[in-house]
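Chemist: mind looking at a prediction? Sequence and model below.
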Amino acid sequence: MALWVDKHRPRELSKLDYHKVQAENLRNLCQQGDFPHLMFYGPSGAGKKTRIMCLLRELYGAGVERLRNETMTFTTPSNRKVEVMTVGSNYHLEVNPSDAGIYDRVVVIDLIKQVAQTHQIDASGQREFKVIVLSEVDELTKDAQHALRRTMEKYVATCRIILSVNSTSRVIPAIRSRCLGIRVAAPNEEEITSVLQLTCKREGLTLPAELAARIVDKSEHNLRRALLMLEACKVQQYPFTGQQDIVELDWQVYLRETANQIVTEQTPAKLEKIRDRLYELLAQGVPPDMIFRGLVEQLVRNCDMSIKAKTLEYATLYEHRMQNGSKHIFHLEAFVAQFMNIYKKFISESMMMDDF
Amino acid sequence: MQRDIRSFYKSAATQKKVEPSNGEDDLENKKRKKRTARVISSDEDEIPESPMAKGKTPAKKKRTDKSPDATKPQNNKKPSLSKLKSSPSKKLRPVDPTALFGGETLRIEAKKPPPPKIVVKEFEDDDIDKSLMEVDLDQSIRAENDKLGEKREVRRSKSKTPRKSPHKDKQTPTKLEKSIDTPTPKLMKQEKEHSLADKVEKEKILTPKTDTKKEKNTPKVKKQHREDLESSVLSDEERHERKRLSAILYQKYKNRASVINPGSKEVPKGKPNCLAGLTFLVTGVLESLERDEAASIIKELGGKVMTTVGKRLNYLIVGEEAGPKKLVQAEEFGVNVISEDGLLDLIREKSGDLSKQSVKEEKQTGHDVEKTKHTSPKKEKKTVKEEKETKQQEKKKSGEQVKIHSSKKEVKGEKSSNKEKIVVKTEKIETDALNNAANEDNVETKKEIDDTMLPWVDKYKPTNVKEIVGQFGPTSNVSKLTNWLSKWYINHDGKKKLQKPNPWAKNDDGSFYKAALLSGPPGIGKTTTATLVCKELGFDTVEFNASDTRSKRLLKEEVAELLSNKSLYGYFHGQGKSVTKKHVLLMDEVDGMAGNEDRGGIQELIALIKESSVPIICMCNDRNHQKMRSLVNYCYDLRFNKPRTQQIKGRILSICCKEGFKIDSEKVDEIIEATNNDIRQTINHISLLSAGKYLKLPTSAKGTNKTAEKDLKMGPWEVVRKVFSADEHKHMTLNDKCDLFFQDYSMGPLFVQQNYLQVSPTGSKSDIPSKVACTADALSLGDLVDKRIRSNSAWSLLPTQAIFSSVLPGEYMSGHFTGQINFPGWLGKYSRSNKRSRLAQEIHDHTRLRTSASRQSIRLDYAPFLLAKIVRPLKELGMEGVEQSLEILKEYHLLREDIDSLVELTTWPGKKSLLDDVDGRVKAALTRTYNKEVLAYSYSVHAGVKKKKSEATEETEMYGMEGEDGGDAPVSDEEEDKIENDGLIKAKKSTATSSKAKAGSKAKAAGSSAASKKSTGKASTSKAK
């Protein structure tokens, strides 16, 4: 009864739906018996984790799918206990060090040492190394990343590290150079469509091409999202029709509405209301850069050509400041205020022109 | 000293000049001259002693020139003497104030018969007789007064007050004024005249002062005096006057002031029962004690206090504005009239505790007294002495030998040898006393110098608990503390078991606590209170303040030892106090116990308090401070509030008056206001302002205000209002604006950001958007700076942030607020987003085994769909859907709580949550079923959840057992039990039968754990079978 995303997740490299060449390469890599540290990178919903699990299965067999949770406790130098949940099998261990917040460095060092210092007892027929999967490595602090690079080399005999990264730009070059980078690009439209169709076939449903296309469009090349939407559509209305509503994500709707409100009125009072909406978005965990993006896309669509450039300029300026600053709302608000200013000016000027 | 005295004489002489002399005087003068003439030779001896005196006082010379005998150079003293003698007599006679008030003035301590005039008569000519008598009288009185110690004030009826010695007057000018004011106009004239002369006299009398103590006037003789005087002096007019006076007095009594100098004198600790058998009556306002206080002291020491004057009364204690009638009656009954000082001396005397001053002097002369025989010889001695005194003036001028001669002569008639000795001795003593007096004078001047050097705050520091501003009444902190401290040893002798009081209980006397915590803003007298209360109760203090290191070690080793010690203070300071164990540990500024130096200090202090065998008084400013949290639980809580402006003002004005500094009362108000009712600082400001005349400070009204302004801590609301207020900007410099930011640099920017949109800026409306944009831009830059400051500890950038986060927004949006100033929403939102990300983290952890998504995509993508998937069956199928939902929960390893988390993560304002549509009963059923079915997941969950889970597992186990030996279960089980079991079993089999399930669930909810225990019990019993 799981969601389709999880239910129809491919478990073997051979069964992957796209990037098949890459899958073949990975299989070859495994069959060589040894491989370097890997770094899977690509956008969310492209299939990084899926590929990692397939790879591990290829390496160790079905045993890797017997997963268990484990809570590991680490003690920071300041004597604070940090608990981090890990998922692992007999052969691998998956951990998200950024769960520990600013103490991720401790997690990286201690965990890898702990795992890497023990050899596999039953070496017959098994690999000589264990695998540590670190997810969201780009979220790690610089300290943790620097701590990671030495341990990666030191324990290379007993363990391999697989990193899962959204964007390599936030991984320090030292780590990038130590890993074999594997790019998991987001699936293109055809690939997504084919996956959707395949899924429907497995579920015994028929999916109109029109609806599939619309879902693909909405999903922003995120396969996970596409599948989730498909399932939601199915629940809403079956048999499918080409024009049926596609369940949209609440935060996307909310963001769009916010952008529209900015265009409708430009007063300090409105700005205050916008601020509240932005707060809400932030509180819901929508990353501020996504908010920026959503706003800009929507605003640019709604404004005159002459101020589009200016809008983008401000957006980049404040997005940059936001990355360097600490309170996101200040910069989001500043952007909105600036946009309101130029928009208002534009409107009043055009009114004057009309008068002439 | 002799010089001084001469100078007094001189002035007296000049005085004499002013007064028209009558025939009598002349007569006397002549006689004296005659007498003195004999002495000339001896006089020469004296001259070298005081060469300067002569030079000093030209007046005297003038005088001598005028006097007929001026031709004789050595004589210049003699004439003055003679005049002196005559002058008082002359003055005294016409308007005898003593007569007016029933002569009460005279008896200060009329224990021994004063020099009866008869005696004098025997020796002297009739002419001189009267004047001599008068002099005697005066002197005897003065002698008595002085006996009581020069410090004390002889506060008898008004008529007497003018006689106060000048140096006394120095100390308390106000008193003199008062006393002068009181007499009726008629009297006043005369008395003023007197007073001048009398003062002079007084000074003279300084000399005899000391030696007279041993002799005591018998009341009898006094009486005689009095009667004489009364009969002779009282005319109708004067009677009338007297009536009028008494009426005035009554009015006065009604408006009588309270004690003038409360606590200004040290009350001796008399031996218990040292006053036993004596009776006292207090009348008038005493100088340092309230009447009640005096009465209680007397009672404590075994004396009796009466209400009316009677025969059995031993002592009448007279204060200012004493009831004349009582005085008269006392006179009649021959009661000893003493002043407050007399009482204190009496106590000292009786308890054998001789204290300084007069008492000491008494000691010095003690052996003389011993020599002299008691009773009759004494009397005689007295007379002799008095005569001596009268002649002292003479003596000084005419030479001691002569004096001795004369005295010898006088004495001859009665007893000779003894007296001679005495005279000689008294002479010696006289000089001693003079020296003493000189010393004292020096000391006084020194003191004065010191006083001027002291800051006012110290100079006018309360010296007595009653002087502490704003601490009156039984509920004041002072009395609470006094009460607590005085009972401390009783309460903590280890015998009593004290209950910890309810923290909300009122009027708790703190007997439970071993320590007291005085808390309140600075400058309102916490430390002063503590020290004064300790002083008053006779505790010695050991003080540790912020300037001492108060680390754990130090407290442990040094203080703890200290507390078990005994104090030798009293022993070494010769106060006759024995070595005492009574001391107090004063821990001042405990909130300053921080940092490396004082590490562990608070903990150790608490440990000390627990163990302490002495009271501990702690002081801090903010008792709610984090550091104080642990300490307050062990301390008797005494909170000091700021005194009201009026209370402070009174004290300030009195200080200004004493310093002779004039200041508007409004200005005082302003200053007090500006210092936020901080007494210490107010006094400092006043002190500064008073220096204005010398310092040439800008003292315009505005200027002073500015100087006086204390840097107050403003609340953020006030700050943000000022940041944007155009009016405020007018008189603010850039620095002032920056200072607004520094009021609270962490909250300030948030407040500005929250509220800048509420401001309507001055200027054209069309500019508003651009102004807002500029402001937002500045704030955004400010945030960048803030990040840099916090992450790099680059605190030197704070001024930069001040510009961006506070000054620039203020400049752009300068105007006025249109709406309410709000608390920054950022904090609330921030904590909310933190909470939500924690929930997301939890769900992420739980679903980890099934999903591959990162935390963020779980939140943004998965959550709504997952929740929909779980809730939909419940919504559509009701009870039927429970099973289905549960499947999904299990699939994703979710807990029941996670549903709520998911709901929260997917809630948007204005949008209904999915779960709201679900029937409450269905939800309950889901919960129930979940509790029954769901096994422990492979992850461990935190405590609360764990418990639930273990319960669930226990239940499932128990059901297994039930199933096994359900048949064997004893039928005797209660009906209730059965139903319960049935319900549970059914619920497990199918949740469809909602009604039954409900019945079961109710019972289960009540005691699921109990039920489980029972059934496990059952299971075990059946197994045992």
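Modeler: Arrived safely, thanks for sending. Residues are numbered from 1 along each chain as shown, chains lettered A, B, ... in the order given.

Chemist: how about the secondary structure of whichever residue of the stretch 51-200 of chain A sits closest to chain B?
Modeler: Nearest residue of the stretch 51-200 of chain A to chain B: residue A:69, at 3.3 Å (CB to the nearest CB). C-beta coordinates here come from the backbone N, C-alpha and C atoms, glycine included. Following DSSP: H, G, I helix; E, B strand; the rest coil, the label given to residue A:69 is strand.

Chemist: likewise for residue B:822?
Modeler: The three-state label given to residue B:822 by three-state DSSP is coil.

Chemist: give the contact list for it.
Modeler: If a contact means CB atoms under 8 Å, 6 or more residues apart in numbering or on different chains, then residue B:822 has B:754, B:755, B:758 as its contacts.

Chemist: narrow those residues to those in helices?
Modeler: B:754, B:755 (DSSP state H).

Chemist: which among the contacts of residue B:822 gets closest to chain A?
Modeler: So of the contacts of residue B:822, ranked by how close each gets to chain A (CB to the nearest CB), first place is residue B:758, at 7.9 Å.

Chemist: burial measure for the residue lying closest to residue B:669 once chain neighbours are set aside, as a count.
Modeler: Take residue B:669 and drop its neighbours on the chain: the residue closest to it by CB to CB, 6 or more residues apart in numbering or on different chains is residue B:645, 6.2 Å away. Around residue B:645 there are 17 other residues, counting by other CB atoms under 10 Å in any protein chain shown.

Chemist: show me the contacts for residue B:645.
Modeler: Residue B:645 sits next to B:669, B:672, B:673, B:677 when contact means CB under 8 Å, 6+ apart.

Chemist: which one of those is nearest to residue B:881?
Modeler: residue B:677 (68.5 Å; CB to CB).

Chemist: the closest one - how many residues pack around it?
Modeler: Counted with other CB under 10 Å, residue B:677 comes out at 22.

Chemist: about what we covered before: for the residue of the stretch 51-200 of chain A closest to chain B, report the pLDDT, please.
Modeler: Looking at residue A:69, its pLDDT stands at 82.

Chemist: tally of neighbours for it?
Modeler: 18.

Chemist: what about chain A: which of the contacts of residue B:822 touch it?
Modeler: Cross-checking these against chain A (CB under 8 Å from any CB of the partner chain) gives residue B:758 as the overlapping residues.

Chemist: can I get the contacts of residue B:822 in CSV including neighbour count?
Modeler: Formatted as CSV, the contacts of residue B:822 follow (neighbours: other CB atoms under 10 Å in any protein chain shown):
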residue, neighbour count
B:754, 20
B:755, 25
B:758, 20
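
Chemist: closest to residue B:924 among the contacts of residue B:822?
Modeler: Within the contacts of residue B:822, the smallest distance to residue B:924 is 42.1 Å, found for residue B:754 (CB to CB).

Chemist: need the nearest residue in space to that closest one, chain neighbours excluded.
Modeler: residue B:824 (4.2 Å).

Chemist: phi first, then psi, for that neighbour.
Modeler: According to degrees, to the nearest 10, the main-chain angles of residue B:824 amount to phi -60, psi 130.

Chemist: export stretch A:93-107 as PDB, just CAs?
Modeler: Extracted C-alpha coordinates of stretch A:93-107, given in PDB (Å, rounded to 0.1, in the frame of the first residue of the first chain):
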ATOM      1  CA  LEU A  93      25.600   2.500   6.700                       C
ATOM      2  CA  GLU A  94      23.700   5.500   5.600                       C
ATOM      3  CA  VAL A  95      23.800   8.700   7.500                       C
ATOM      4  CA  ASN A  96      22.900  12.300   7.100                       C
ATOM      5  CA  PRO A  97      25.500  14.200   9.100                       C
ATOM      6  CA  SER A  98      23.800  17.500   8.600                       C
ATOM      7  CA  ASP A  99      21.100  16.200  11.000                       C
ATOM      8  CA  ALA A 100      23.600  17.100  13.800                       C
ATOM      9  CA  GLY A 101      23.600  20.700  12.800                       C
ATOM     10  CA  ILE A 102      26.800  22.400  13.700                       C
ATOM     11  CA  TYR A 103      28.200  19.300  15.200                       C
ATOM     12  CA  ASP A 104      28.300  17.500  11.900                       C
ATOM     13  CA  ARG A 105      32.000  17.400  12.000                       C
ATOM     14  CA  VAL A 106      32.000  15.200  15.000                       C
ATOM     15  CA  VAL A 107      29.600  12.800  13.300                       C
END
